[in-house]
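[1] Here's a sequence, model it:
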Amino acid sequence: MPASSKGGVGYFIMKAFLSILGISLVVTFSSCKKKEPTIEVAKEVSFYQPEYFPTPEYPVDQYPVTTAGFELGKDLFYSTLLSSDNTISCASCHAQTHQFADHNVALSVGVGGLTGTRNAPAIFNMAWQPYFMWDGGVNHLDMFHLAPITSPVEMNETIPGILEKLNNSQEWKAKFANAFGVSEVTDYELFKALSQFVLMITSDQSLYDDVQRGKAVFDADQQAGYDVFLAKCASCHTEPLFTNYAFINNGLDQAPADSGRFRITQNPVDFGKFKVPTLRNVLFTYPYMHDGRFFTIDQVLDHYDHGIVASPTLAPELSNGIPISDTERFQLKKFLETLNDYELLSSELIAEP
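    The predicted structure is shown next:
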């Protein structure tokens, strides 16, 4: 996490990101105001940190998850109230049945049937992410929620509009009072509640994780596939999160229609670069790439084997592709199966109320 988002609330959104969305919005946080709680704030609950995961990027010690905050965040996540026409929820594009990715469609559908421009990525293990969105346009989890809410092709709502709905509802106000001890809902509590729910969507119950804990071992094909992964994939898809969160051009197009990271930095060297996605639960989170162009793992492997398109910003390590034999392909797919977290699919803790 950049230093600006540690040791404080650190609400920073890149200027370029806001200009892309066409937002003219001043987000006013009330963290600096002294508030007299109306009721006792809910007790804290423990944030789960897998023992072999790195330190979270989100300051969970400074802003701990509470039972009431988590439950409120879950209610908000599954509520259509966050959209302008009350038809779209966060779960509409981040479904538990698909490991909190979209329902296996290339581009998500928002209010009024409008289609977005990028594939909706899975949102598990967000506590460890230093950047959000395919282009890294947001660098703090609390501000991540603003993007889909205000996007005209996603939820098409405004923060003032949501706050008006919440503050006009005695039921919602009571939930916020219980979670944060406030009598008036502000954007600060709204974003914090959503973050508290998302922070608890942790994927660490796959066979791979059992192996890391010494509770299981790979069979011969899985181990061979792991060796293929280490030789051909691990430099970008770093364990244990299976991403290094870097931005690379992986050779999809010679002249990309979507400029990727360049939209944020305006640096020509970033043209066509996108954030490396995680491989955890990869067999559930298709289609793949920022635009959802590939629907199978074999299509992805074909791309890296013989489909790399040269361009000025292509990652140098991909200039010759990543050749893979039929045997290696079979073995690698067997290893990727070990990254499936089936408990995440059925966890009642994060299921729709």
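
[2] V269: what's it in contact with?
    T313 (CB atoms under 8 Å, 6 or more residues apart in numbering). Just so you know, the C-beta spots here come from the backbone N, C-alpha and C atoms, and that holds for glycine as well.

[3] part of a helix, is it?
    Yes - the assignment for V269 (DSSP: H, G, I helix; E, B strand; the rest coil) places it in a helix.

[4] Tell me where this structure has helices.
    15-21, 67-77, 90-93, 141-144, 146-150, 159-167, 170-180, 187-199, 207-212, 220-232, 262-265, 297-306, 326-337, 342-346 (DSSP state H).

[5] Around the closest residue in space to T97 that isn't next to it in sequence, how many other residues sit close by?
    Closest residue in space to T97, ignoring its immediate chain neighbours: L345 at 6.6 Å, by CB to CB, 6 or more residues apart in numbering. Counted with other CB atoms under 10 Å, residues neighbouring L345 total 15.

[6] Hmm, L345 is touching A101, no?
    No - the criterion here is CB atoms under 8 Å, and L345 misses it with A101 at 11.6 Å.

[7] Common neighbours of the two, please.
    Contacts common to L345 and A101, judged by CB under 8 Å, 6+ apart, are F284.

[8] Can you pull out the low-pLDDT segments for the stretch 1-150 of the chain?
    By pLDDT under 70, the weakly predicted segments of the stretch 1-150 of the chain are 1-45.

[9] Could you report the separation of the residue nearest to T97 from Q96?
    7 Å (CB to CB, to the nearest Å).

[10] okay, how far is it across stretch 145-162, tip to tip?
    This stretch, stretch 145-162, spans 12 Å end to end (CA to CA, to the nearest Å).

[11] for stretch 268-283, same thing?
    Terminal-residue distance, stretch 268-283 (CA to CA): 33 Å.

[12] try stretch 182-193
    First residue to last in stretch 182-193 (CA to CA) measures 13 Å.

[13] what does stretch 299-312 give?
    The stretch stretch 299-312 measures 24 Å between its terminal residues, going by CA to CA.

[14] in that stretch, what counts as buried?
    Neighbour counts over stretch 299-312 (16 or more other CB atoms under 10 Å) mark 300-301, 303-305, 308-309 as buried.

[15] Name the surrounding residues that touch it.
    Applying CB under 8 Å, 6+ apart, the contact partners of stretch 299-312 are 249-256, 271-272, 288-289, 294, 314, 318-324, 329, 332.

[16] Now do stretch 296-310: distance to the chain's middle.
    Put simply, stretch 296-310 sits 24 Å off its chain's centre (CA atoms, centre = their mean, to the nearest Å).

[17] before we move on, what about stretch 127-139?
    8 Å.

[18] Show me which residues of it are buried.
    127-129, 131-139.

[19] Next: stretch 179-189.
    Neighbour-count burial for stretch 179-189 [16+ other CB under 10 Å]: 179-182, 185-189.

[20] Mind putting these into CSV with pLDDT?
    Formatted as CSV, these follow (pLDDT from 0 to 100):
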residue, pLDDT
A179, 97
F180, 97
G181, 97
V182, 98
V185, 98
T186, 98
D187, 98
Y188, 98
E189, 98
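
[21] Same list (the residues you listed) but as CSV, adding distance to L339.
    CSV is the format used below for these (distance: CB to CB, whole Å):
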residue, distance to L339
A179, 34
F180, 36
G181, 40
V182, 40
V185, 39
T186, 39
D187, 36
Y188, 36
E189, 35
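
[22] Among those, which one sits closest to Y58?
    Y188 (15.5 Å; CB to CB).

[23] what about the closest one, distance to S195?
    From Y188 to S195 the distance is 11 Å (CB to CB).

[24] go on, E317?
    Applying CB to CB to E317 and S195 gives a distance of 34 Å.

[25] who's more crowded, the two?
    Neighbours were counted for E317 and for S195 using other CB under 10 Å; S195 has more, 25 against 12.

[26] H145 is in contact with the more buried one, correct?
    Yes - the pair S195 / H145 is scored as a contact, 7.4 Å apart, by CB under 8 Å.
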